[in-house]
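>>> Just the structure for this:
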Amino acid sequence: MPVAVTLGDPWGIGPEVTARAIVADAIRPGQVLVLGPRFAWESMCSLEPGLLAHRDYFLEIATDLHPGAPGKPPTLGGQVVLDTLHRAVDLVNTGDADALVTAPLNKSLIHKIDPAFVGHTEFFGQAFGIEDPTMTFVGPEYVTALVTTHVSLRKLADEITEDRVYRHIMRLWEWLRSHRGDAALLAVTGLNPHAGEAGAFGDEEIRVIGPAIERARSAGARVDGPFPADTVYREAGPGGRYAGVLAMYHDQALVLFKTTDGNQGVNMTLGLPVVRTSPDHGTAYNIAGKGIADFRSMQAALNLVLP
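Presented below is the predicted three-dimensional model:
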């Protein structure tokens, strides 16, 4: 079965990086099926004319929208983006795709159509009936995942529960074990500065995170923590003690990851019926249509799911 590749926001750099990655790695028709509006496919072919001979790469998502200019989506442009995602889910459910790769989208554009939309991870979790899928990032330097995703700091502590931490520990550790070997060791951060300093700066490490770690160990996971988030990544890079790190919230993990691995980093969702990956960057409207986008992150996202 092919990998379903959604072009995301077709007014961004998604069509460009997808076309470049397909051609750079000589990906064959049948390995991927690209989903998006016709004008996005035409944009891909203008960048990489060799794609013109392979119309079977492409599954058109119908839209009445005018293509417009790169970097300038129409007000209701989010509808075709949502339609593309729903079609990708259909392909998985019917057995016509065995993995998903998603080009970047603009959440604010989709909010004009669906104000409840949060992001790819949450969308696919809801679409496949999976509670709280695990947002994970894989790069040349680090592997890290999040217990919470897009939540305000004001609400954050209430989102950290023992069951939730345990669930994400087990998903990430299982992935590490299958890709890094049975000896892979996972580190877990605390929530508070200095991992709470024995309760001086908060007790979530004692009440919630520590018990989740012990529970995961009892289930067979090789996991340590909770550790201060500002130091644990020193032991998680190449040659380090830990094969991956589970962080409590978005910026604990992603300030470092996007600094070190951003150009080749991959956003991966664990817990779904199929693997879903995405380049770890946005729509980059400011350079859309200029032919200068760095396609390495999309290339890595495809390589992570293609045999």
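
>>> Next, the contact list for the residue lying closest to H66 once chain neighbours are set aside, please.
Nearest residue to H66, sequence neighbours excluded (CB to CB, 6 or more residues apart in numbering): P74, at 7.0 Å. Yep, even glycine has a C-beta here, placed from its N, CA and C like the rest. Applying CB atoms under 8 Å, 6 or more residues apart in numbering to P74 gives the contacts 65-66, 68.

>>> Equivalent analysis for P140, please.
Contacts for P140 were tallied using CB under 8 Å, 6+ apart; they are 261, 264.

>>> Can you classify it as helix, strand or coil?
coil (DSSP: H, G, I helix; E, B strand; the rest coil).

>>> Closest to V101 out of the contacts of P74?
Using CB to CB, the shortest approach to V101 within these belongs to L65, at 23.1 Å.

>>> Tell me the spacing between the closest one and H120.
According to CB to CB, to the nearest Å, L65 and H120 sit 21 Å apart.

>>> And P133, by the same measure?
Counting by CB to CB, the gap from P133 to H120 is 10 Å.

>>> tell me, what's touching these two both at once?
Here P133 and H120 share the contacting residues T269, scored by CB under 8 Å, 6+ apart.

>>> Which residue, neighbours along the chain excluded, lies closest to G8?
The spatially closest residue to G8, leaving aside those adjacent along the chain, is A103, at 3.5 Å (CB to CB, 6+ apart).

>>> Quick check: the gap between the one you found and A40.
A103 is 9 Å from A40, where distance means CB to CB.

>>> what is in contact with those two at once?
With CB under 8 Å, 6+ apart, A103 and A40 have common neighbours 7, 14-15.

>>> Neighbour-wise, which one of those residues leads?
Using other CB atoms under 10 Å as the neighbour test, the shared contacts of A103 and A40 are led by G14, with 32 neighbours.

>>> quick check, V245 in a helix?
No - going by three-state DSSP, the assignment for V245 is strand, not a helix.

>>> ok, I213 - contacts?
165, 169, 188, 223-226.

>>> sorry, that was for L185
Contacts for L185 were tallied using CB under 8 Å, 6+ apart; they are 222-224, 241-243.

>>> Perfect, I'm done here.
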